[in-house]
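need the 3D shape of this:
(2 chains)
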Amino acid sequence: MSQNYLKVKGLSKKFGNVVALNNFSLEVARGELVTLLGPSGCGKTTALRLVAGLERQDSGTIFLESRDLTLIPAHHRNMGMVFQAYSLFPNLTVAENVAFGLQMRKVDRSARIKKAHELLDLVGLDSQSARFPHQLSGGQQQRVALARALAFEPEILLLDEPLSALDAQVRSNLREEIRRLQLSLGTTTLFVTHDQEEAMSISDRVGVMNEGRLEQIDTPDDLYNHPKNVFIANFVGLMNQVSGTKTGKSVSVFGANLKVKNEVVTDGRVLVYIRPEFVELECTESDADAKVISRLFLGSVSQVICQLNDGTIVHSLLSSRMSAEFAPGIRVKIRVNEDEVLVSNG
Amino acid sequence: MALQTSKRFSTWIGGFLLVVPSIAAVTVFVYGMIVWTIKISMTDRISASVKEPKFVGFQNYTNLLSDTRFTHAFENLVKFTFVFIVGTTIAGFIMALLLEKGIKGEGFFRSFYLYPLAISFIAMGTVWNWLLNSNVDADAGGLNLLLQKVGLGFLQNSWYLSENGAAYALALPAIWQMAGYVLALFLAGFRGIPDDLREAARVDGASEAKIYRYVLFPQLTPTLFTVLIILGHVSMKVFDLIIGINGKSYVTQVVAVYMWESTFDQRNYAKGTAIAVVLLLLIALIIIPYLRWVIKQENENR
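Residues are numbered from 1 along each chain as shown, chains lettered A, B, ... in the order given. Here you go, the predicted structure:
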């Protein structure tokens, strides 16, 4: 995929003394769904609002192919946006809401009503077209908002935490629906969320943000398996932190010597980062590392929670069939089934 | 069952006792007095000393129709109301529009324009009596002098003393007084619209002007309705402002002033109460549909 459809370069934005976005750059390919993920206050929404033109950057540029959008006002950018609070126009019917963008583009009435029905049909709400927003449920309203944002065939679809206000069940349904629509229409999409599962499940690539910067942008798989730094490792997925001893390029932990992935760490006592699926347990009486505290049965896999002698908690993800023996109180030996690990001076 | 009933009764009775005094007072002094007024308006009672006034049905009301002083006062009220409502609504709305963007010093301007509401009618009437001085040219004062100074001397007129324009001239101080209140209502209306909606309209391709036209203004319809009702009933009852500026002079007389004159100067209670009842009906004509609308809205939102 050539990643040069949307090109955001060196965006910075301050609100008073607070740096919301610090030299933020991002490239998105045509038809791609890229998610900005991060804790609240990390600048992801600011980045989205700058792309939409709802805020003005202090510095940096925004290009759409060869078109410079940097100084173009929001209403000339041709971007569709879905907000967390639905933000439908309460004085307009569902169909009129969807047709609003077309009306602003002076599309004649019959054409825009036809298009509105088409879009509402796509989100499964054509039967509700004559109703008013307040007569619909939250999930329905957000689907109308999605139809409204797509009706005028925007260059880019911007989604600002669109699922955060919804119930769990509705949320996961709509999440899949957004992905289905996005793939079938081929709409380039920028999605902002603080919910990891959401980000990882529907994105082509996920950019993790922290303190106004983009820490890493990669496919969900790479982000999980090859985090570039400790922040990403901790933020994405469940991560164990145990202490080990680093000498040169290797670190010793649970009696094994593993290779160190990141090298800017001084030797001596370090924190070692290990995913739960790489932690294997073995029942033992004599040289135990830890004691099982509890076992959470999750279906095909179970999560076994152990406590090391120094009090540290370690999670292990094991197949449920193989882990039935690890009842609370059992003493275990830990083996790390991984060759290379991230470490930090903790 | 019996226990439950008595329990419900005991929680209910305490609250009821607390509201009894106000219910009794309102029943006697508002609704009771209305009934009493209607009763007097159907008699021939023309002084306090008549022992047994005679029932005359709607005689007093039909007399009003041929009473040129009443029709004159009524006509004045209609003229005044029209200019007052249109002027106040437009002035208040424009001021709200200028403030709604959240400019610096919004709080100051809001209080600044709202302040005239706090001034007593008599003080205000006296000031506007001076401002609306009817002398022109060399003798001019107040607004006429101001008009001369800014080169609009041809607009000078005798204000509330003019034959045809008196009622309109009196709407000026009323607009001045109430515009700040309307400003506050519209500003609250604008504030009630979430910022998200403007942003949604903006990314959908609406220019600033179109955001107002298609998104913001339509949502202010309920506010506009409220404003019209409030101004309408204030206008119907206008009395002290008129008295403060021009006393009970014929030229600026409105229905409430004529009612006062008939009742307390002429001591014609039958006629005075009939005028009062007409005024009450006029106000009811405005307020009752409004209350029904408010209650309907509340039920829909529940």
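
ok so residue A:145 is a strand residue?
No: Residue A:145 is assigned helix when assessed by DSSP: H, G, I helix; E, B strand; the rest coil, not a strand.

shouldn't it be in contact with residue A:85?
No: judged on C-beta atoms under 8 Å, residue A:145 makes no contact with residue A:85 at a distance of 9.3 Å. All C-beta atoms are positioned from the backbone trio N, CA, C, and that covers glycine.

and those two? Which one has more around it.
The neighbour count for residue A:145 versus residue A:85, taken as other C-beta atoms under 10 Å in any protein chain shown, is higher for residue A:145 (26 against 18).

contacting residues around that one?
A:82, A:83, A:86, A:87, A:88, A:97, A:162, B:200 (C-beta atoms under 8 Å, 6 or more residues apart in numbering or on different chains).

mind checking how far it is from residue B:296?
From residue A:145 across to residue B:296, the span is 28 Å (C-beta to C-beta, to the nearest Å).

let me know the pLDDT of residue 105.
Going with chain A. Residue A:105 is assigned a predicted lDDT (pLDDT) of 94.

that's the wrong chain, I wanted chain B
Here the pLDDT value assigned to residue B:105 is 82.

any idea how far it lies from chain A?
19 Å (C-beta to the nearest C-beta, to the nearest Å).

mind jotting down where the strands sit in the stretch 1-150 of chain A?
A:6-15, A:18-28, A:33-37, A:59-64, A:67-68, A:79-82 (DSSP state E, counting those that start in this stretch).

what sits up against the longest one?
Where contact means C-beta under 8 Å, 6+ apart, the residues beyond strand A:18-28 that reach it are A:3-14, A:34, A:43, A:46-47, A:50, A:57, A:60, A:156, A:188, A:190, A:207, A:209, A:211-214, A:217.

put the alpha carbons of that strand into PDB.
Output of strand A:18-28 as PDB, limited to C-alpha atoms (Å, rounded to 0.1, in the frame of the first residue of the first chain):
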ATOM      1  CA  VAL A  18      -0.700  22.600  27.500                       C
ATOM      2  CA  VAL A  19       1.000  20.900  24.600                       C
ATOM      3  CA  ALA A  20      -1.800  18.800  23.000                       C
ATOM      4  CA  LEU A  21       0.100  17.700  19.900                       C
ATOM      5  CA  ASN A  22       3.900  17.700  19.500                       C
ATOM      6  CA  ASN A  23       5.400  17.300  16.000                       C
ATOM      7  CA  PHE A  24       2.800  14.800  14.900                       C
ATOM      8  CA  SER A  25       3.300  13.100  11.500                       C
ATOM      9  CA  LEU A  26       1.100  10.500   9.900                       C
ATOM     10  CA  GLU A  27       0.600   9.000   6.400                       C
ATOM     11  CA  VAL A  28      -2.500   7.100   5.500                       C
END
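
and that strand, average pLDDT?
Mean per-residue pLDDT for strand A:18-28: 94.

list the buried ones in it?
Across strand A:18-28, burial judged by 16 or more other C-beta atoms under 10 Å in any protein chain shown covers A:19, A:20, A:21, A:24, A:26, A:27, A:28.

need the contact list for residue 278.
Since you didn't name a chain, this refers to chain A. Listed by C-beta under 8 Å, 6+ apart, the contact set of residue A:278 reads A:336, A:337, A:338.

try chain B instead
Residues near residue B:278 by C-beta under 8 Å, 6+ apart: B:61, B:64, B:255.

state the pLDDT value of the last one.
Read it as residue B:255. For residue B:255, pLDDT reads 94.

ok, how many other residues are close to it?
Residue B:255 has 23 neighbours, counted by other C-beta under 10 Å.

again with the second one
A count of neighbours around residue B:64, defined by other C-beta under 10 Å, yields 19.

and the gap between it and chain A?
44 Å.

now that residue, nearest residue through space, not along the chain?
residue B:70 (4.8 Å; C-beta to C-beta, 6 or more residues apart in numbering or on different chains).

where's the one you found, which helix or strand?
Assigning secondary structure by DSSP states H and E places residue B:70 in helix B:68-99.

interface residues of the stretch 101-250 of chain B facing chain A?
Applying C-beta under 8 Å from any C-beta of the partner chain, one finds that the stretch 101-250 of chain B approaches chain A through B:194, B:196-197, B:199-207, B:210, B:214-215, B:218-219, B:221.

for residue A:250, give me the pLDDT.
We have a pLDDT of 90 for residue A:250.

gap between it and residue A:339?
For residue A:250, the distance to residue A:339 equals 10 Å [C-beta to C-beta].

how about residue B:33, what does it touch?
Counting by C-beta under 8 Å, 6+ apart, residue B:33 has no contacts.

how close does it sit to residue B:59?
Counting by C-beta to C-beta, the gap from residue B:33 to residue B:59 is 22 Å.

kindly report the same for residue B:269.
For residue B:269 relative to residue B:59 (C-beta to C-beta), the value is 14 Å.

and for residue 168, the neighbour number?
I went with chain A, as the question did not name one. For residue A:168, using other C-beta under 10 Å, the count is 8.

to clarify, I was referring to chain B.
18.

that one and residue B:83 touch, don't they?
Yes: in terms of C-beta under 8 Å, residue B:168 counts as a neighbour of residue B:83; the distance is 5.0 Å.

what's the helix or strand for the residue most central in space within chain B?
Centroid-nearest residue in chain B: residue B:234, 1.1 Å away (criterion: C-alpha atoms, centre = their mean). Using DSSP H and E, residue B:234 sits in helix B:221-236.

quick one: low-confidence residue ranges for chain B.
B:1-7, B:48-50, B:301-302 (pLDDT under 70).

for chain B, what are the nearby residues on the stretch 101-250 of chain A?
Going by C-beta under 8 Å from any C-beta, the residues of the stretch 101-250 of chain A near chain B are A:101, A:103, A:104, A:105, A:145, A:148, A:149, A:152, A:158.

now the first one: how far from residue A:154?
Look at residue A:101 and residue A:154: by C-beta to C-beta, they are 8 Å apart.

overlap in contacts of the two?
Shared contacts of residue A:101 and residue A:154, defined by C-beta under 8 Å, 6+ apart, are found at residue A:80.

so which of these two has more stuff around it?
residue A:101 (28 against 21).

tell me who's in contact with the more buried one.
Neighbours of residue A:101 in contact, by C-beta under 8 Å, 6+ apart: A:80, A:148, A:149, A:151, A:152, B:204, B:205.

that older thread, write the PyMOL selection for whichever of the contacts of residue A:278 are buried.
Burial among those is assessed by 16+ other C-beta under 10 Å; the matching PyMOL selection reads:
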select buried, chain A and resi 336+338
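
may I see the buried residues of the helix holding residue B:234?
Those would be B:223-224, B:226-236, for helix B:221-236 by 16+ other C-beta under 10 Å.

do stretch A:70-86 as well
Counting neighbours by 16+ other C-beta under 10 Å, stretch A:70-86 gives A:70, A:74-75, A:77-86 as buried.

hmm, it in reach of chain B?
Yes: remark: stretch A:70-86 sits within contact range of chain B at A:74, A:75, A:76, A:77, A:78, A:79, A:80, A:81, A:83, A:85, by C-beta under 8 Å from any C-beta.

so how far is the first residue of that stretch from its last?
The first and last residues of stretch A:70-86 sit 27 Å apart, counting by C-alpha to C-alpha, to the nearest Å.

circling back: I'd like the contacts of residue B:278 as CSV, with secondary structure appended.
Below are those laid out as CSV (three-state DSSP):
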residue, secondary structure
B:61, helix
B:64, helix
B:255, helix
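
which one of the residues you listed is nearest residue A:275?
residue B:255 (84.8 Å; C-beta to C-beta).

how far away is that closest one from chain A?
Separation of residue B:255 from chain A (C-beta to the nearest C-beta) stands at 38 Å.
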